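A.B. asks: build me a model:
(one chain, ligands or ions: 1)
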Amino acid sequence: MDKIIMALFILAAGCTSLATTVQADEVSITATPVTDQIYMISGKGGNIGLFIGKDGTFLIDDQFAPLTEKIVKAIKSVGGDTPKFLINTHYHGDHTGGNENLGGSGTLIFSHDNVRESLSVGSFIETFKMKNAALSPAGLPVVTFSEDISFHLNGDNVHAVHVPHAHTNGDSFIHFKIANVIHAGDIFFNGFYPFIDVQHGGSLKGMIKATDKLLALADEKTKIIAGHGPLGNKVQLKSYRQMLGTAYARLSKLKNEGKTVEEAIAASPLADLEETWGDGLFKGERWIELVYAGVY
Ligand SMILES: [Zn+2]
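C.D. replies: Residues are numbered from 1 along each chain as shown. This next block holds a predicted model:
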């Protein structure tokens, strides 16, 4: 019996990973200028940050493996080269799928300690029934850090900062101090309810704290590359922070009253937020289902 269940499990995981297979010819890659040297590259999966200059090409995240060739082509089209450095904002496959290709062609990969750990053992994300196989050594970060790390290149000081228990257990955002640009990783979903990987150490409270850190670094001119959604700014980040705070206050109240997740959903605590935030990745009901366990 156990064997049958296991076989079904593997089958289900296999089917859904097929469903998320990325066909390179169906994806168009675009590079949006953020400054003279920084671009946001979009295709399928998390937004990529690109920083070009005389010291070499620096990349933040790399979407899916089948897209690497197209991504490198897009990088070259705006004056960059095969990345010298790559940093992963977190372990999710839509941000790290190109690691093996890039690492294998000489790119030096950086990440928080926990990202390397997750990538080296593989993962299964229940929410999307998504299985990520362990990466081969070529795809694993070579340099890891526990708190933060700084890069000094291409005329800027680039600070990668870990934020605990936010979207996952190993998120970092990247701050270009001179250019006044932030790549927020998946701390920021610009315009819709964010996925929070509670199963792997994420929490709503951590997302709020991380967002507050970003807000403290930003001014009205800061360009903010969201993990998902369009290129953003402080006004948009602020309204996202407000939404997270409102959701937290209401959900933690229900939790303190001892309500189960079903009872919390039935109480429709986010009804007034739905129109603005519920038309992206998740409807409010589904979002409550995802984050409730991580409300504490
Ligand atoms: Zn993610």
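A.B. asks: give me every residue that touches whatever residue of the stretch 101-250 of the chain ends up closest to the ion.
C.D. replies: Of all residues in the stretch 101-250 of the chain, Asp186 sits closest to the ion, at 3.7 Å by Cβ to the ion. For the C-beta atoms, the positions are set from N, CA and C on the backbone; glycine is no exception. By Cβ atoms under 8 Å, 6 or more residues apart in numbering, the residues touching Asp186 are 46, 89-90, 92, 95, 167-168, 171, 194-195, 227-228.
A.B. asks: read off the pLDDT value for the nearest residue to Asn180 once chain neighbours are set aside.
C.D. replies: If the residues on either side of it in the chain are set aside, Asn180 comes closest to Thr222, at 5.2 Å by Cβ to Cβ, 6 or more residues apart in numbering. Listed pLDDT for Thr222 reads 98.
A.B. asks: ok, Met6 next?
C.D. replies: For Met6, the pLDDT comes out at 38.
A.B. asks: next one: the one 10 residues further on
C.D. replies: Reading off the per-residue confidence, Thr16 sits at a pLDDT of 34.
A.B. asks: also within reach of the ion: list those from the contacts of Asp186.
C.D. replies: When these are checked against the ion using Cβ under 5 Å from the ion, the ones in range are His92.
A.B. asks: okay, the residue of the stretch 101-250 of the chain closest to the ion and Pro33: tell me how far apart.
C.D. replies: 23 Å (Cβ to Cβ, to the nearest Å).
A.B. asks: what's the answer for His90, then?
C.D. replies: 25 Å.
A.B. asks: looking at those two, which is more packed in?
C.D. replies: Using other Cβ atoms under 10 Å as the criterion, His90 and Pro33 rank with His90 on top: 27 against 13.
A.B. asks: contacts only, for that one.
C.D. replies: By Cβ under 8 Å, 6+ apart, the contact list for His90 reads 112, 115, 167-168, 170-172, 185-186.
A.B. asks: and these, which of them are in helices?
C.D. replies: Val115 (DSSP state H).
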